[in-house]
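K.L.:
When you get a sec, could you give me coordinates for this:
(4 chains)
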4 protein chains.
Amino acid sequence: MIIMKKDATPEQIQHVIDEVARAGLRTDVSRGQHLTVLGLVGDERRVDFAHLAALPGVKEARMIEAPYKLINREYSSAYGETSTHIIKIGPVEIGGEEPLFIAGPCAVESREALFRIAEQVKAAGAHVLRGGVFKPRSSVHSFQGLGSAGNDEAVEALTWLKEAGEAFGMPVVTEVRGEAQVELVSQFVDIIQIGSRNMYDQDLLQAAARKNLPVMFKRHFGASVEEFLCFAEYIAAEGNKDIILCERGIVPVGKGKNFTRYLLDLAAVPVVQKETFLPIIVDPSHATGRRDLIRSMSLASIAAGASGLMIEVHDRPEEALVDASQMISPAELKEIITVARQLRQIAVK
Amino acid sequence: MIIMKKDATPEQIQHVIDEVARAGLRTDVSRGQHLTVLGLVGDERRVDFAHLAALPGVKEARMIEAPYKLINREYSSAYGETSTHIIKIGPVEIGGEEPLFIAGPCAVESREALFRIAEQVKAAGAHVLRGGVFKPRSSVHSFQGLGSAGNDEAVEALTWLKEAGEAFGMPVVTEVRGEAQVELVSQFVDIIQIGSRNMYDQDLLQAAARKNLPVMFKRHFGASVEEFLCFAEYIAAEGNKDIILCERGIVPVGKGKNFTRYLLDLAAVPVVQKETFLPIIVDPSHATGRRDLIRSMSLASIAAGASGLMIEVHDRPEEALVDASQMISPAELKEIITVARQLRQIAVK
Amino acid sequence: MIIMKKDATPEQIQHVIDEVARAGLRTDVSRGQHLTVLGLVGDERRVDFAHLAALPGVKEARMIEAPYKLINREYSSAYGETSTHIIKIGPVEIGGEEPLFIAGPCAVESREALFRIAEQVKAAGAHVLRGGVFKPRSSVHSFQGLGSAGNDEAVEALTWLKEAGEAFGMPVVTEVRGEAQVELVSQFVDIIQIGSRNMYDQDLLQAAARKNLPVMFKRHFGASVEEFLCFAEYIAAEGNKDIILCERGIVPVGKGKNFTRYLLDLAAVPVVQKETFLPIIVDPSHATGRRDLIRSMSLASIAAGASGLMIEVHDRPEEALVDASQMISPAELKEIITVARQLRQIAVK
Amino acid sequence: MIIMKKDATPEQIQHVIDEVARAGLRTDVSRGQHLTVLGLVGDERRVDFAHLAALPGVKEARMIEAPYKLINREYSSAYGETSTHIIKIGPVEIGGEEPLFIAGPCAVESREALFRIAEQVKAAGAHVLRGGVFKPRSSVHSFQGLGSAGNDEAVEALTWLKEAGEAFGMPVVTEVRGEAQVELVSQFVDIIQIGSRNMYDQDLLQAAARKNLPVMFKRHFGASVEEFLCFAEYIAAEGNKDIILCERGIVPVGKGKNFTRYLLDLAAVPVVQKETFLPIIVDPSHATGRRDLIRSMSLASIAAGASGLMIEVHDRPEEALVDASQMISPAELKEIITVARQLRQIAVK
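P.N.:
Model (predicted):
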């Protein structure tokens, strides 16, 4: 849609119509009292709206249709997708009737600790094991995960993760932070995670998508829902629609404290479910950064309709090297999973 | 707490200590390798930290303790408040075991419509009737509620509200938008509402507080939780602790669309419950602005531990003059209340 | 403009057209490949877009034209306003060739201090004297200005302000924080200030506008430029177009520190000048909260085209009771004014 | 600094002190009436504050000192850096007396257009030539720059850029969007640009830093200044301090329109100059996205003390494939450079 300025000349309007025609679309002209609006007839993706916006006499030019098509629920009927896309990883389903629980330590720290925690989260009801090898950190002076110590230690940590998953019958997920890690990580995991900080990193998204593994894709903490879906489209455009979206909180607004690390946007859950056919889960651990809020935000997420949760768990939080303040115990996880399953039955029609 | 600059002189440190002493407090000095930290011993409210921050050699001066005292859970033991403050309005309790449901039209439009809707929300399970008389609007060119048409019509609308409440056995709540309305409104309602846009309006807060009616106090859409509580403190400072806090969404961040009017901050619910002893409810109607998201956000709010919900209801949404797109039907309200009560039983320990 | 959903029926489209016709406008229908767009022909202000957005089959409904008309530069030619509106207060002009400088202490603290500072800011080149009597504060535990101590002290402080203005030949400005103060304050000042926190307070805006004094209107720290102008329209709608807009920073986004109190939005200066014919000035004192940033932000404001500056000045900042950390000395003010005038000559064509 | 909870036991305090000692630091204890504060003596980088924060009895644990050390002005005296770091690239200096002007098209589109524009920006007074080869885009359906078409075309575009720089005597800069591009790009350019979207991409930062070319590092649009500097520290930690910081706007807050693409944070300029010894420039083109705001924001940036500007220029904006609406003409650039130089002389002491 293009809105012409009040004083746009007939020549300027014709120029815009000609430019639209060059892209193969037709234009319907609607003259209001003060403004003239041009509606485009045809595939708006073929039009460069920034280019049109720069033409003389143009006040505003924007796409009316959603900028993401491949993951769009409304457009998906053409592809035979009519309900939420269910992603299957061995016996595990994401996006179906049952909520999915991903759990594990923030960072893989030792084989022994990982196996110990894996056993406990499995017993608590978790389906997928998580553990960070390449940790994104705000400060170069902080512990960066075993992955950053170089390839040998990264391979060792990834091996532990894979073995722990096999030992306790859980698919595993870990994060890739850079393109150079994709090839390596894809040999060890069942799901590749793209973290919040890398959401806009289109080259990494494409590299990860091409491995044909499910991709867990986290929203950037400064991104709108529309941007989140636009970048998920980069993954889908590589032919990989096994995308698990993950809401993990955005930066808070306002002076003074909000008492949580980020601001969890739970309305994004039903919004994303209406906009796309992809499943969306929630990460209450990073969203709040507070152990004592994990339970309430987990239950709220499930009540909002989320397809699952990713929760950081440690049996000895005081020994954790990263994000200790947000880890819950295996016993707390078990109670959350139990209650969440009951809520799901009642809340989701 | 006062942090001195790296190169602060002993004389500058002594000057700060003397200034603190003038306010009647003592100072403990802690010298680090790079910085010296002064901790205050005594009632920090007697100290002007902005003044201290301006003294030579001072890097930072701030109060460690919460800036809200009277509503602070931690400090409230001194006042004998050890659990959530339960507010009683006739037979209705806010902050207790049962979640509270406030419902009604956005704006009072006619006696007939109000009575019709009041009857239906009562039947659906609502406890309190809401209806706007003085409507805050973004544009001076929009319908401003009957209240803005002048006192005669405002009195008429308030009378309808009071009578509808009495007819169906529900306390009533309406918003005051300016100090000039407080006296009038207080004669007709059981709860005075301070809307989001007026959160920072300390004169209005004080005027409303002095009526000794419960005050429903909504968070501003640009305010942090800390600011929200600081301004609630203005009400408490008038001796009125019957404050019902209300989370209703904050402005979204990011480029592009979020598909909701505001961003509902549900982590604020447990955070506020830990910080204060006041009950907090949620308004999903204004937070989302979307009828199709009211159910999921209502259930998520209850799962997060909210003490209640305020929901806009209209039996003929297409006839509503304000905010028609966010109103649900009485039948939808009934289903939400039923499910929410079940969730509450399971979710809240 | 109304965008219909992909699956909207012809009956739904006709229903929307009928509703638009009820408001006295015509509709042009433009059918795209996926969506149908309805353009309105006539005065869009007569249409309730929220109502239309709630009709079945409607995907989006919004006003294309600006929601503020009376202060709109594009629409103002009809009123004979073709350039920036120049506001005259005695010998002082705001919005003309010369930048305007408003200076004075944050709060009026004593007659002696006020006169001392007034004399010095006049000598430094300031045109208007500022001084707070009713101070909005985040904490009820902070000093609230002499105004909050009750009417006698407020009258005394206002008298000092008026007398200081007369003594040194400067019009004076002070803030009203609540409607109850408007009548009193208007008897003492030449310009009524509406502070940032009260921007959305439409009843206060109308009360202040009716005094027929120029109104300095500050942007709320959570408001977009569009909202800012929508609320300025409330003042204009009372027949008072002597509105001095003031940019003073908005809340920052992001985790971690920005090292300033607010985020000064200097692009708002040329944007507002293109959107309206009203003059806009900048308040670097509250925007940054830092004495050491006042100079650079003042010069940047003038280079951006601002019609003036409001700067907090104190000759003994260590004695200031409010916001001491952001006050500059009279000597610093003089240097800023001198340099700013030179910059203005070079920067503004 | 560690703040203990009100009810922390002596044993808990001792436990914290022991943990700090394990990291090789000493602790000073300051007991207030309500809280006990522990100040650390020694190198705080050896302490894991998240670990301490999880210990029993701890209310808050945080580093007082800046999390960036290597680029910190305060700490830099130890390294012999006492004033702004001047970066030299052949005859060009960044961070010295004269402001630096980087100009060129948004994207390299053809050899002919690039040479034509390069000649004109050189004549207008620009020092460095910019041109995008690998363009980050929000939509996978938009033109992605020649670089994304594959290596052959990328090499061709980079060759044009290098040759245009040599032909007109200007160092050249282009953006790397992924690690895989660093090796290639470093062979053709004088400055490597890390774009806003990649600010958090620590692996890319390290890869770029290791090429020992100056790095132009743009702030992410959701990042605080502190985060921006924390990630610049990743570059410095590789031994490369030739970092040109670039402010380019952050996401706006608030409902409604701000009329600019991002919100330019000019206070970040003096703030960064106080916090670090690195030069900072401003990109008004991406910040505003509006041709008609480039001049005012360029002048404001220089008045704020920026060490330079990066401006997108095109001699035929209507033909530009990307971001046409924000490009100015070479003649406009020339006028801006002329005025900016005069402003600099007056504004910067």
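
K.L.:
going forward, measure contacts and count neighbours with C-alpha atoms only.
P.N.:
Fine.

K.L.:
what about residue A:308, neighbour count?
P.N.:
25 (other CA atoms under 10 Å in any protein chain shown).

K.L.:
can you tell me how far it sits from residue A:343?
P.N.:
12 Å (CA to CA, to the nearest Å).

K.L.:
Next: residue A:140.
P.N.:
Shown here: residue A:140 relative to residue A:343, a distance of 42 Å by CA to CA.

K.L.:
again with residue A:112
P.N.:
34 Å.

K.L.:
before we move on, what about residue A:192?
P.N.:
In this view, residue A:192 and residue A:343 are 29 Å apart by CA to CA.

K.L.:
so what sits against both of residue A:308 and residue A:343?
P.N.:
Jointly contacting residue A:308 and residue A:343 under the rule CA atoms under 8 Å, 6 or more residues apart in numbering or on different chains are residue A:302.

K.L.:
could you point out which element follows whichever strand or helix holds residue A:183?
P.N.:
Using DSSP states H and E, residue A:183 maps to helix A:182-186. As assigned by DSSP H and E, the chain's next helix or strand after helix A:182-186 is strand A:191-194.

K.L.:
Quick one: mean pLDDT for whichever helix or strand comes after that next one?
P.N.:
Sequence order places helix A:202-209 as the next helix or strand after strand A:191-194, per DSSP H and E. Averaged over helix A:202-209, pLDDT sits at 95.

K.L.:
Report the distance from helix A:202-209 to the chain centre.
P.N.:
With CA atoms, centre = their mean, to the nearest Å as the basis, helix A:202-209 stands 14 Å off its chain's centre.

K.L.:
That one and chain D, any residue contact?
P.N.:
Yes: counting by CA under 8 Å from any CA of the partner chain, contacts between helix A:202-209 and chain D involve A:202-204.

K.L.:
Just name the closest of those residues to residue C:125, please.
P.N.:
Nearest to residue C:125 among these: residue A:202, at 54.1 Å, using CA to CA.

K.L.:
so that closest one touches residue A:231, yeah?
P.N.:
Yes: using CA atoms under 8 Å, residue A:202 is in contact with residue A:231, at 7.3 Å.

K.L.:
What separation do you get for residue A:91 and residue A:171?
P.N.:
Taking CA to CA as the measure, residue A:91 falls 9 Å from residue A:171.

K.L.:
brain fart, residue A:22
P.N.:
Residue A:22 is 50 Å from residue A:171, by CA to CA.

K.L.:
The two - which one has more neighbours?
P.N.:
Set residue A:22 next to residue A:171 and count neighbours by other CA under 10 Å: residue A:171 wins out with 22 against 12.

K.L.:
Leaving out sequence neighbours, find the closest residue to the more buried one.
P.N.:
Spatial nearest neighbour of residue A:171, excluding adjacent residues (CA to CA, 6 or more residues apart in numbering or on different chains): residue A:128 at 5.1 Å.

K.L.:
what does residue A:340 give?
P.N.:
residue A:299 (5.7 Å).

K.L.:
hey, C-alpha coordinates of whichever strand or helix holds the one you found in CSV?
P.N.:
Assessed by DSSP H and E, residue A:299 sits inside helix A:294-303. Extracted in CSV, the C-alpha atoms of helix A:294-303 (Å, rounded to 0.1, in the frame of the first residue of the first chain):
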residue,chain,number,x,y,z
ILE,A,294,10.5,-20.3,37.6
ARG,A,295,7.4,-22.2,38.9
SER,A,296,4.9,-19.4,38.5
MET,A,297,6.2,-18.4,35.0
SER,A,298,6.3,-22.1,33.9
LEU,A,299,2.7,-22.6,34.9
ALA,A,300,1.6,-19.3,33.3
SER,A,301,3.4,-20.3,30.1
ILE,A,302,1.5,-23.6,29.9
ALA,A,303,-1.8,-21.9,30.8
